[in-house]
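Can you look at this prediction? I've put the sequence above it.
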Amino acid sequence: MKTVNQTATKVLAEMVTDLPKRRVGILGGTFNPPHIGHLIMADQVGTQLGLDEVRFMPDAQPPHVDEKKTIAATDRANMVQRAIADNPLFKLEPTELKRGGKSYTYDTMKAMKAAHPEVEYYFIIGGDMVDYLHTWYHIDDLVKLVTFVGIKRAGYPTTSPYPVMWVDAPLVDVSSTKIRQKVSHNQSIRYLVPDAVADYIKEHHLYEQTN
């Protein structure tokens, strides 16, 4: 005979299965700082795929061997909030910042999927990163949790041993590294980042030292 708890669990599972799926894009990174390239990628994927929203997910500490030196997580989150404020499609996803430590995508998405099984996640990466998917932590399990969306890049193939959806988006030759260098040399970053982000960088004296 089934217990009350077993019956309740079964009913809950059936309810979750019947819920309409929400389609959510995830754009991860350090966002040190966020720039127009990030916004263009997120907007193009969100609109072309008809997603319900695209979340910008800053990492707490990159899992790469050559760890990037980043500014405080609060500053990066604040800049993302300012960068996305005028687009209702965009949201901040603070999961990795709250958890702290090294940010492995598999661990994050496993937890998010468990908490929200009704959501279909679309993980956005540049076409240049697709060739490195085989190096990602638990990649064979990760592809079962998310759909990867690759942004086409000139000179990079659109093939992969892993399932990847491909999206065309305007390519902008801008990077967070270049922006930090420009700030440290007192050069203009206008049009490279949203005005609200440029103002935040100036107000908080970020990147004034070369890094």
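Alright, I've got the coordinates.

contacting residues around Thr105?
Contact analysis of Thr105 by CB atoms under 8 Å, 6 or more residues apart in numbering lists Gly28, Phe123, Trp136, Tyr137, Leu142. For glycine as for every other residue, the C-beta is placed from the backbone atoms N, C-alpha and C.

Please point out which parts of the strand or helix carrying Glu120 sit buried.
Secondary structure from DSSP states H and E places Glu120 in strand 119-126. Across strand 119-126, burial judged by 16 or more other CB atoms under 10 Å covers Glu120, Tyr121, Tyr122, Phe123, Ile124, Ile125, Gly126.

need the helix or strand of this structure with the lowest average pLDDT.
Least confident helix or strand of the chain, by mean pLDDT, DSSP states H and E, is helix 4-18 with a mean of 56.

Look up the closest residue to Pro163, ignoring the ones flanking it.
Excluding the flanking residues, the one nearest Pro163 by CB to CB, 6 or more residues apart in numbering is Val143, at 6.2 Å.

Tell me the spacing between that neighbour and Gly25.
16 Å (CB to CB, to the nearest Å).

Equivalent analysis for Asp168, please.
Using CB to CB, Asp168 is found at 16 Å from Gly25.

okay, the two: which has more neighbours?
Gly25 (26 against 9; other CB atoms under 10 Å).

residues in contact with that one?
Neighbours of Gly25 in contact, by CB under 8 Å, 6+ apart: 42, 45-46, 49, 51, 53-55, 121-124, 149.

Output the residues you listed in a markdown table, with pLDDT and distance to Phe90 appended to each entry.
Converted to a markdown table, the contacts of Gly25 look like this (pLDDT from 0 to 100; distance: CB to CB, whole Å):
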| residue | pLDDT | distance to Phe90 |
| --- | --- | --- |
| Ala42 | 98 | 6 |
| Val45 | 98 | 11 |
| Gly46 | 98 | 8 |
| Leu49 | 98 | 14 |
| Leu51 | 98 | 11 |
| Glu53 | 98 | 7 |
| Val54 | 98 | 6 |
| Arg55 | 98 | 8 |
| Tyr121 | 98 | 16 |
| Tyr122 | 98 | 14 |
| Phe123 | 98 | 16 |
| Ile124 | 98 | 12 |
| Val149 | 98 | 16 |
